[in-house]
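# For reference, the sequence and a predicted model appear below.
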Amino acid sequence: MNSLFTGKLRLAYEFNPIAFIAEQSGGKASNGFNRILDLKPDSLHQHCPFYVGSRRMVERLKEMML
């Protein structure tokens, strides 16, 4: 996979805690297509894209990516 789409941070121990906090406060966290907390890591250091913010902002981003 192209490094542009793999992201810089790691899913298991960098994105999941941020995604959890964002969703508990009413926001959303996504990789552009799926909810971050629904992703299953393939490896301990798996990288992925990450978008976090208000529900409206992340939904709009997902619409633009389709």
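Perfect, I can see it now.
# Any idea which helix or strand in the chain has the lowest mean pLDDT?
The weakest-scoring helix or strand in the chain, judged by mean pLDDT, DSSP states H and E, is helix 3-6 (a mean of 58).
# show me where this protein has helices.
3-6, 16-24, 55-65 (DSSP state H).
# Could you list the low-pLDDT ranges of this structure?
Within the chain, the ranges that satisfy pLDDT under 70 run 1-6.
# make it 90
For the chain, residues meeting the criterion pLDDT under 90 lie at 1-14, 32-33, 41-49, 62, 64-66.
# quick one: terminal-to-terminal distance for stretch 7-26?
From the first residue to the last, stretch 7-26 extends over 24 Å; the measure is Cα to Cα, to the nearest Å.
# So for that stretch, what gets flagged as buried?
Using 16 or more other Cβ atoms under 10 Å as the test for burial, stretch 7-26 gives 7, 10-11, 15-16, 19, 22-23. C-beta coordinates here come from the backbone N, C-alpha and C atoms, glycine included.
# cool, and stretch 50-66?
Under 16+ other Cβ under 10 Å, the buried positions of stretch 50-66 are 50-52, 58, 62.
# do the same with stretch 37-52
So for stretch 37-52, counting by 16+ other Cβ under 10 Å, buried means 39, 47-52.
# And the contacts of it?
With Cβ atoms under 8 Å, 6 or more residues apart in numbering as the test, stretch 37-52 has contacts from 5-12, 15-16, 18-20, 22-23, 27-32, 36, 58, 61.
# circling back: would you turn the helices of the chain into CSV with distance to residue 43?
CSV is the format used below for the helices of the chain (distance: least, Cβ to Cβ, whole Å):
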stretch, distance to residue 43
helix 3-6, 12
helix 16-24, 14
helix 55-65, 25
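# what sits against residue 11?
36, 39, 41, 46-48.
# Please repeat the previous calculation with a cut-off of 7 Å.
Applying Cβ atoms under 7 Å, 6 or more residues apart in numbering, we find residue 11 in contact with 39, 41, 46, 48.
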